[in-house]
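could you look at this predicted model? Sequence included:
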Amino acid sequence: MSESDPQGPNRSTVHPPLTLGDLRRRRGASQAQVASAMQTTQSSVSRTERQPDILLSTLQHYVQGLGGKLRLYVDLEDERVELQVAAAKRDVGAIVEREFRVVWQDPDSRGLRQIGWLHFGGGLYTFSYTDEARDSKTFAPFPPFPNLDDTYRSKELFPFFAGRVMSAASPDFDELAGALGLTRDAASLVELLALGQADSPHDTIHVVPEAIEDEDGSSERTFLVSGVRHANEADPGIVSAHVAGLSSGAALELRPEPTNPKNPKALPLASEGLVVGWVPDYLVEEVHGHLEAQHDLRFTVAKANGPEIPWHLRLLCRLTASASK
């Protein structure tokens, strides 16, 4: 897919220099098709094609998205040398499939119900409703998915869910992706959807990734700590400064709060005795299930951010649960 070696057997296929967009069009591919192959957004592909200065790993991944292999040559006075290009290593490349629970909050009871499954695998997204959604007297199907008994399929992330993912065209994209521990190259739609959950009391839908399980029965998930800005209403700056100083891997302490007037099952998280936020509502029942089963739980900092980052992205936590103590 790169320029052929004029001294090799394919010298007849040498073409004049092309831009990335020209190369894509020459292959008959759309930006959307390349974005799907790269597991990123169409706007990210568009930006890559327009960048005056591009990382080698990004270029290699783009070429792979076109079904090609990047080869790099250096022309010297008396010879042409091919440089070895290491295979691009991207965490998202390991994401063969991912499953998400679609959780809906009943506006009347405020109870959380899993009403659907969103699955990604083999380059295909599927969405289907659960029996709980079909049996509910208060839940109404989402307009893009009107039939409770159908399974919906798409090669691209459904717009209904894609709208929940930060846009790569946003001027804050790199900073916000970095707050989630991602680089632009590794910020696939799947990973952004898994991490970029809003922290809003008005949001009645949560897309919750299933925990990743190991062969020994342990599991791991990453989530954004909820309510960081409300951990100390009198002086939120104390929490902000403390969170900014946390290092990756630092331990967080789970503190059950049965006297919480709003939710006796609420689960605050603390660092060095200071409450820094809460386990998000959509994970509370899962964590209580671990506690009742006496699983060994470890909460650690995956990524801590400073005051330049929005409150709801301030603290990324990693939860590891063993099968038993």
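Sure, I can see it.

look up how far residue 252 lies from residue 317.
Distance, residue 317 to residue 252, by Cβ to Cβ, to the nearest Å: 6 Å. The C-beta positions use only the backbone N, C-alpha and C, and glycine is treated the same way.

which neighbours do those two share?
269, 299-301 (Cβ atoms under 8 Å, 6 or more residues apart in numbering).

format those as CSV; extra columns: pLDDT, distance to residue 308 and secondary structure.
Listed next are the shared contacts of residue 317 and residue 252 as CSV, based on pLDDT from 0 to 100; distance: Cβ to Cβ, whole Å; DSSP: H, G, I helix; E, B strand; the rest coil:
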residue, pLDDT, distance to residue 308, secondary structure
269, 97, 22, strand
299, 97, 24, strand
300, 96, 23, strand
301, 94, 18, strand
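
weed out the non-buried ones from those.
269, 299, 301 (16 or more other Cβ atoms under 10 Å).

tell me where the stretch 1-150 of the chain has strands.
All strands of the stretch 1-150 of the chain, identified by DSSP state E, counting those that start in this stretch, fall at 72-75, 80-83, 97-105, 112-121, 124-129.

out of those strands, nearest to residue 291?
strand 112-121 (17.6 Å; Cβ to Cβ).

name the residue most distant from the centre of the protein?
Taking Cα atoms, centre = their mean, the residue of the chain most remote from its mean C-alpha position is residue 78, at 48.3 Å.

can you pull the domain assignment for the protein?
11-88, 90-210, 212-325 (automatic domain parsing).

tell me if residue 323 really is in a strand.
No - using DSSP: H, G, I helix; E, B strand; the rest coil, the assignment for residue 323 is coil, not a strand.

looks like it contacts residue 295 (just checking).
Yes - between residue 323 and residue 295 there is a contact at 6.7 Å, judged by Cβ atoms under 8 Å.

between these two, which one's more packed in?
Set residue 323 next to residue 295 and count neighbours by other Cβ atoms under 10 Å: residue 295 wins out with 18 against 13.

just to check, that one is in contact with residue 321?
Yes - with contact defined as Cβ under 8 Å, residue 295 reaches residue 321; the gap is 4.8 Å.

just the shared contacts of residue 317 and residue 252 now: which is nearest residue 57?
residue 301 (26.8 Å).

excluding covalently adjacent residues, which one is nearest to the closest one?
If the residues on either side of it in the chain are set aside, residue 301 comes closest to residue 250, at 4.4 Å by Cβ to Cβ, 6 or more residues apart in numbering.

any idea how far residue 316 is from the one you found?
Separation of residue 250 from residue 316 (Cβ to Cβ) stands at 12 Å.

so what sits against both of these two?
In contact with both residue 250 and residue 316: 301, 304, using Cβ under 8 Å, 6+ apart.

and these two? which has more neighbours close in?
Neighbours of residue 250 and residue 316, each counted by other Cβ under 10 Å, are more numerous for residue 316; the result is 19 against 14.

pairing partners for the helix or strand harbouring that one, with directions?
Element membership of residue 316, judged by DSSP states H and E, is strand 315-321. Partners of strand 315-321 in the sheet, by DSSP bridges, are strand 219-224 (antiparallel), strand 297-304 (antiparallel).

hey, least reliable of those strands by pLDDT?
Among these, strand 219-224 has the lowest mean pLDDT, at a mean of 86.

past that strand, which element shows up next along the chain?
Downstream of strand 219-224, the next assigned helix or strand under DSSP H and E is helix 236-244.

please put the alpha-carbon coordinates of that next one into PDB.
Extracted C-alpha coordinates of helix 236-244, given in PDB (Å, rounded to 0.1, in the frame of the first residue of the first chain):
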ATOM      1  CA  PRO A 236     -14.600  21.300  47.000                       C
ATOM      2  CA  GLY A 237     -11.100  22.600  46.400                       C
ATOM      3  CA  ILE A 238      -9.700  20.300  49.100                       C
ATOM      4  CA  VAL A 239     -11.000  17.300  47.100                       C
ATOM      5  CA  SER A 240      -9.800  18.800  43.800                       C
ATOM      6  CA  ALA A 241      -6.300  19.300  45.100                       C
ATOM      7  CA  HIS A 242      -6.100  15.800  46.700                       C
ATOM      8  CA  VAL A 243      -7.300  14.000  43.600                       C
ATOM      9  CA  ALA A 244      -4.900  16.000  41.400                       C
END
